[in-house]
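**Student:** Kindly return the folded structure for what I paste below:
(one chain, ligands or ions: 3)
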Amino acid sequence: MVETKSNYTLIDGKKVSADIKAEITQRVAERKAQNKKIPHLAIILVGDDGASQTYVDNKVKSCKSVGFHYTMMRFADTISEEKLMKHIDHVNNDDDVDGFIVQLPLPPHISVEKITEKIRSDKDVDGFTNQNFGSIISKNPLLMPATPFGVMELLRRYNVQTEGKHAVVIGASRIAGAPLSMMLTEQGHATVTICHKYTKDLASYTRAADILLTAVGRPGLVTGDMVKEGAVVIDIGTTRVEGPEYPKGWAIKGDVDFDAVAPKASLITPVPGGVGPMTIASLLLNTLKATEFRYP
Ligand SMILES: NC(=O)C1=CN([C@@H]2O[C@H](COP(=O)(O)OP(=O)(O)OC[C@H]3O[C@@H](n4cnc5c(N)ncnc54)[C@H](OP(=O)(O)O)[C@@H]3O)[C@@H](O)[C@H]2O)C=CC1
Ligand SMILES: Nc1nc(=O)c2c([nH]1)NC[C@@H]1CN(c3ccc(C(=O)N[C@@H](CCC(=O)O)C(=O)O)cc3)C=[N+]21
Ligand SMILES: [Mg+2]
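**Tutor:** Ligands and ions are numbered 1, 2, ... in the order given. Take a look at the predicted model:
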């Protein structure tokens, strides 16, 4: 009789993120000692979406903990696209700001594409602009897309071999799935399949994955029967689910049915405590990098 083993390793993004933040704190202290400019991150938040507020609070807390300067800019969700563009122009030209992000989602009357392209690429610490997206396949990259960079760093620190492996990515957005697929190909030398809303028979692809990565925002999308025995599973999804059973009235859920999938996985990220904290670490790393470019 074949016994099913359920020995998986939990990928501790919180721990890796804390390690990276400690390295950044050290580098900021060194810059300070040398009278060099301290990194300054600006965050633009439009509207009062609860989840966005939580992520932005985490980013501010992290800036404080590593010794960065930061500026928080909040606007009502009624702000016009034109006015927001003017604010971005201002931050683009503010010499004291080394990097900035415009928190997504934006209200429907504002074009994410237009806003993104307004951001100066050398201050784009999310790594969203076309130039930084293209940077993935460049020998001289500028700023890497933060979430995919965080995922690659987790794979590297947990010695996950990607070369020649079949990686299946669910989701193809500018912020996560699309750049992640490109990085797995370019830096990871993996064979990559990208799945999205129009993919037929999703399970037929996911079952063939040595490494399965998902960035959709739909809790429970990946069930136990969709995962190959021994696969590495990376869950980027973060959805706020409300319910009276949760102490805060809500909880953060990934795309993966963790209890069903973990026993089949060799390594797996939890949500929370997996990819989320790594995105913040990457954002801080990019801000430090942007500062070093400008003031070496
Ligand atoms: N942990 C972190 O740091 C981060 C987490 N996230 C989280 O990741 C999730 C995705 O975010 P984001 O990329 O911005 O979202 P988007 O809505 O921009 O993209 C979702 C992607 O999933 C695809 N998709 C939708 N439904 C399905 C389905 N049923 N089967 C397969 N693919 C599907 C879409 O396909 P199509 O292209 O065809 O529309 C699209 O490519 C969210 O939960 C978000 O909160 C995002 C960024 C960072
Ligand atoms: N311009 C922009 N850049 C982004 O990078 C961006 C964005 N907009 N809009 C929304 C998504 C989502 N996202 C997350 C970041 C951190 C956590 C994170 O820290 N999560 C913690 C817990 C969060 C909590 O405390 O509730 C964890 O997973 O352990 C989650 C999600 C970044 N995004
Ligand atoms: Mg799309």
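
**Student:** Residue 126 contacts residue 148, doesn't it?
**Tutor:** No: shown here, residue 126 and residue 148 do not form a contact pair, counting by CB atoms under 8 Å, at 10.9 Å. Where you see a C-beta, it was placed from the backbone N, CA and C, and this is true even at glycine.

**Student:** Against residue 110, how distant is whichever residue of the stretch 51-200 of the chain sits closest to ligand 2?
**Tutor:** Closest to ligand 2 within the stretch 51-200 of the chain is residue 104: 3.7 Å, counting by CB to the nearest ligand atom. Here the criterion is CB to CB, to the nearest Å. By it, residue 104 lies 10 Å from residue 110.

**Student:** neighbour-wise, which of these two wins?
**Tutor:** Shown here are residue 104 and residue 110; by other CB atoms under 10 Å, residue 110 has more neighbours (21 against 17).

**Student:** State the three-state secondary structure for that one.
**Tutor:** Under DSSP: H, G, I helix; E, B strand; the rest coil, residue 110 falls in the coil class.

**Student:** Return the residues in contact with the residue nearest to it when sequence neighbours are not counted.
**Tutor:** Distances taken as CB to CB, 6 or more residues apart in numbering place residue 81 nearest to residue 110, at 4.7 Å, with adjacent residues excluded. Applying CB atoms under 8 Å, 6 or more residues apart in numbering to residue 81 gives the contacts 109, 110, 111, 114, 115.

**Student:** Any figure for the gap between residue 81 and ligand 1?
**Tutor:** 19 Å (CB to the nearest ligand atom, to the nearest Å).

**Student:** what's the pLDDT at that residue?
**Tutor:** Listed pLDDT for residue 81 reads 98.

**Student:** And for residue 54?
**Tutor:** Reported pLDDT for residue 54: 86.

**Student:** Shouldn't it be within a strand?
**Tutor:** No: counting by three-state DSSP, residue 54 is not part of a strand but helix.

**Student:** Report whether the helix or strand containing residue 276 contacts ligand 2.
**Tutor:** Secondary-structure element containing residue 276, defined by DSSP states H and E: helix 275-294. Yes: residues of helix 275-294 are located near ligand 2 by CB under 6 Å from any ligand atom, namely 276, 277, 279, 280.

**Student:** mind listing what's buried in that helix?
**Tutor:** 275-291 (16 or more other CB atoms under 10 Å).

**Student:** Next: stretch 28-47.
**Tutor:** Buried residues in stretch 28-47 (16+ other CB under 10 Å): 28, 31, 39, 40, 41, 42, 43, 44, 45, 46, 47.

**Student:** Mind pulling the model confidence for the last one?
**Tutor:** Read it as residue 47. Taking residue 47 on its own, its pLDDT is 95.

**Student:** Would you confirm that it contacts residue 76?
**Tutor:** Yes: look at residue 47 against residue 76 with CB under 8 Å: they come within range, at 7.2 Å.

**Student:** got the contact list for stretch 265-273?
**Tutor:** If you take CB under 8 Å, 6+ apart as the criterion, stretch 265-273 is touched by 8-14, 154, 158, 160, 227, 230-235, 237-238, 252-254, 256, 258, 261-262, 275.

**Student:** How about the residues of the stretch 101-250 of the chain by ligand 2?
**Tutor:** Residues of the stretch 101-250 of the chain lying close to ligand 2 (CB under 6 Å from any ligand atom) are 101, 102, 103, 104, 126, 146, 147, 238.
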